[in-house]
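Enquirer: Sharing a model that was predicted from the sequence below.
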Amino acid sequence: HYYITNNLSLLVPLRVMVALCLDEEEVPNYHEDDQYEAQKLVDEMDDDTLISDILDNRPHSSETIENVIIVDNIPVTDSSKLVKLTNVLLKIFSKCGKVETHHIPLDENSKTKGFMFIVYRNGQEATNAISSCNGYKLDKNHCFAVNRLSDFEHCMSIPDKWEDPKPEPYKPQANLKSWMTDAECFDQFAIVHGKNRNTAVHSCGPSQSFTVQQREGWTESHVKFSPKGSYLATCHKQGIALWGGPEFSKVGRFNHPNVTYFQFSPCERYFVTYSKTSLSPEDPQNLIIWETRSCLNKRAFSLPVLNYWPYFKWSHDGQYFATITGDNLSIYSTPSMKLLDNKKISVQNIRDFSWCPCENWIAYWQSENKNIPARVTIMDVPSCEPLSAKNLFNVSNIEIFWQNSGNYLAVKVDRTIKNKKEGTENVFEIFRLREKDIPVENFEIKSKVMSLSWDPKGPRFAVIQGEQGRTDVSFFKIGEKILPIGKTLQNKKCNCIKWSPLGQYCVLAGLNNISFDGVLEFWDIGGDAPTLMNEASHFMVTNITWDPTGRYVCSSNTYGGHSVENGYNMWNFQGSKVFEASLEGFIQFQWRPRPPSLLKEIHTKEIKKNMKSYTRDFEIKDKLSQSKASKELIEKRRAVYDEFMTYRRKKEKDLEVLKLQYSELRTEVVDEEYVEETVEFFMKEEVEPASKE
């Protein structure tokens, strides 16, 4: 309609052109004196015949209405403040997309009515505005309520008469915890190998692994289990797919093409995807936070190309996630996905931060700036009140190490030494978070520190010190003072320490270094001094990972590190090899995590106390699994045994019925006599030589 009314001068020539394009039989031979008949023929044609190509391109109301949102609860002001109010509102909503047009209705007194209309370029930008600004607090008295215009039309079309909804047929959902019901309590792991990205999930037995699920081309790059083991995520060109249940059926999909990085929140409720390319030129957002179960886009961000991951760091319960933006710490809360208190926290010269593994605390550090010293601060969230802080001088770098239980925080400080050739020295500041006033203890190590790692379950930590090729390992225990555990282990071929998830045991390994010869040392740190349980080797080892229960540890040599002898070896916690697997083009190995135990501490202690009563059953099962008979043969024998026992119980019931009938037929009570017979049969004959005596 807009095109025609604004181009009336083209309408008549257009009609004539259409008439001339008709077949020769249909077009009469016009002369100057036949203008009336020609005009009459053209006038009888409808618009669909004349301009069908133009009408096909006209916008439909169903397409444009999805771009319009209504914002309620805006301030009510007079016309004198309308321009200022409009600028403030457009500044907020322009962050979600380009605003094509807007309208703020006024009443008869030239005052705003408390709501406005905003039109975006497409429906996705309108969706972003709803997810980002619904519930946005402009001030104490105004909290936005943002809805799509089509939602109002839907409400207006609701019939006056109520009709009971028809119940949908029940569709059973996949049991995402089915793998926890394994009678053998085997842990699972996933591997990816080969040019076609062959992916398999195995269960780890005491002597071999068993295939649970195997598919070719299951992923196009790598896979990742969720933090509680409920989902398996696979990466594809079109996006990310989620799998779960006994048969690993598809339970979700995130449509985000060319994903580079992705991660789960610790609570598994949210999923984050990032792509180096934006969705489209009109939609530059390339980092999306999804709701895992519904696969809905909860919040999207437009970021430059990232060379690190993760961009957001999550709190232990998934209630908050945070990142550094310039000299600000941006903390977002869930499920609103909005900034905490709708503002960023200004922290000058902030360099890094880390969440506590079990509390909503953040530890961050600020670098020195002129006469202002470096500073480490521990902050509570959501109050944003500092719990403790420490000023540090002559600092070149700081690393933060939380203990899993949140009792201690170790801060490694690289301090510049003036007037010395060494350059830097290492100092540790140990925060005792559970003690009154949070005391801080200074702990100095003279030689260069390569890494520090905490015992996950105790007040112990290990330090690797020295230079590459000549490293020493020291273990320390925190009591009233920080004391060493035994003597320092000198000249060890290692550059990393991997603790068992249950603590006490650890593996010293030299990763990605051919000069270390793949040496693996298994240590017990539970006594007064470290005890070496076993020493082994895995040539060209690139990764060391413990299973969630601390029973097994896997050493792997992936294709990304080396192309020689790719595969993995499985060890028990004492350092004995369980089995090994060689895989060409081996890419990835990952254990399936377990959710936290539901048992209370008192129940756990009771189980440990009575562990000997369970030992016999465990030993029988282990011997059975290690026997020469295959698992299929054992299951076949067990099925035959169960079938026989079922038959026997049935016959016993039949016998009881016959006894009852027999007793009813007999008139006299007769004592039944039982005859006991002993049957002997030949079993084995052994011949022993007679003694010389």
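Expert: Nice, thanks for sending it over. Numbering: from 1, shown residues only.
Enquirer: Could you find the closest non-adjacent residue to the residue nearest the centre of the chain?
Expert: Relative to the mean C-alpha position of the chain, the nearest C-alpha, by CA atoms, centre = their mean, is the one of residue 264, at 1.7 Å. Closest residue to residue 264 apart from its sequence neighbours, by CB to CB, 6 or more residues apart in numbering: residue 226 at 4.6 Å. Heads up, the C-betas are built off the backbone N, CA and C, glycines and all.
Enquirer: now do residue 289
Expert: residue 299 (4.6 Å).
Enquirer: any idea which helix is longest in the protein?
Expert: Taking DSSP state H as the criterion, the chain has its longest helix at helix 631-665.
Enquirer: Check which residues of stretch 225-240 are buried.
Expert: For stretch 225-240, the neighbour count (16 or more other CB atoms under 10 Å) marks 225-236, 239-240 as buried.
Enquirer: Now for these: which two are most distant?
Expert: 228 and 236 (23.2 Å; CB to CB).
Enquirer: okay, and for this protein, where does confidence drop off?
Expert: 1-64, 279-283, 418-423, 469, 561-562, 624-632, 667-675, 681-684, 687-693 (pLDDT under 70).
Enquirer: how about the helices in it?
Expert: Per DSSP H, the chain carries helices over the ranges 2-5, 11-20, 35-43, 47-50, 52-56, 61-64, 82-93, 123-133, 149-156, 601-609, 611-626, 631-665.
Enquirer: What's the end-to-end length of stretch 409-425?
Expert: In stretch 409-425, first residue to last residue: 20 Å (CA to CA, to the nearest Å).
Enquirer: do the same with stretch 227-245
Expert: Stretch 227-245 has an end-to-end distance of 16 Å (CA to CA).
Enquirer: can you give me how far that stretch is from the chain middle?
Expert: How far stretch 227-245 lies from its chain's middle: 9 Å, per CA atoms, centre = their mean, to the nearest Å.
Enquirer: For stretch 313-328, buried residues please.
Expert: 313, 314, 315, 316, 318, 319, 320, 321, 322, 323, 324, 328.
Enquirer: buried set for stretch 454-474?
Expert: Result for stretch 454-474 [16+ other CB under 10 Å]: buried residues 454-466, 471-474.
Enquirer: Check stretch 341-354 too.
Expert: Here stretch 341-354 shows 344, 345, 347, 350, 353, 354 as buried, counting by 16+ other CB under 10 Å.
Enquirer: between those, which is closest to residue 247?
Expert: Nearest member of the buried residues of stretch 341-354 to residue 247, counting by CB to CB, is residue 354, at 38.5 Å.
Enquirer: which residues sit in contact with that closest one?
Expert: 313, 362, 363, 364, 400, 402 (CB atoms under 8 Å, 6 or more residues apart in numbering).
Enquirer: Considering these, which possesses the most neighbours?
Expert: Within the contacts of residue 354, residue 362 tops the neighbour count with 24 neighbours, counted by other CB atoms under 10 Å.
Enquirer: now that residue: how far from residue 297?
Expert: 27 Å (CB to CB, to the nearest Å).
Enquirer: what's the answer for residue 575, then?
Expert: Look at residue 575 and residue 297: by CB to CB, they are 48 Å apart.
Enquirer: Please apply the same query to residue 529.
Expert: From residue 529 across to residue 297, the span is 55 Å (CB to CB).
Enquirer: More neighbours: which of those two?
Expert: residue 297 (19 against 11).
Enquirer: nearest spatial neighbour of that one, skipping sequence neighbours?
Expert: Closest to residue 297 by CB to CB, 6+ apart is residue 288, at 5.6 Å.
Enquirer: swap in residue 268?
Expert: residue 226 (4.9 Å).
Enquirer: Bridge partners for residue 264, pull those for me.
Expert: residue 271 (DSSP bridges).
Enquirer: contacting residues around it?
Expert: 224, 226, 227, 231, 233, 270, 271, 272, 292.
Enquirer: mind redoing it with 7 Å?
Expert: By CB atoms under 7 Å, 6 or more residues apart in numbering, residue 264 lies in contact with 226, 227, 271.
Enquirer: got these as JSON lines, with distance to residue 446 columns?
Expert: Below are the contacts of residue 264 laid out as JSON lines (distance: CB to CB, whole Å):
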{"residue": "226", "distance to residue 446": "43"}
{"residue": "227", "distance to residue 446": "39"}
{"residue": "271", "distance to residue 446": "46"}
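Enquirer: and of those, the nearest to residue 164?
Expert: Proximity of those to residue 164 (CB to CB) peaks at residue 271, which lies at 36.1 Å.
Enquirer: how many other residues sit next to that closest one?
Expert: 25.
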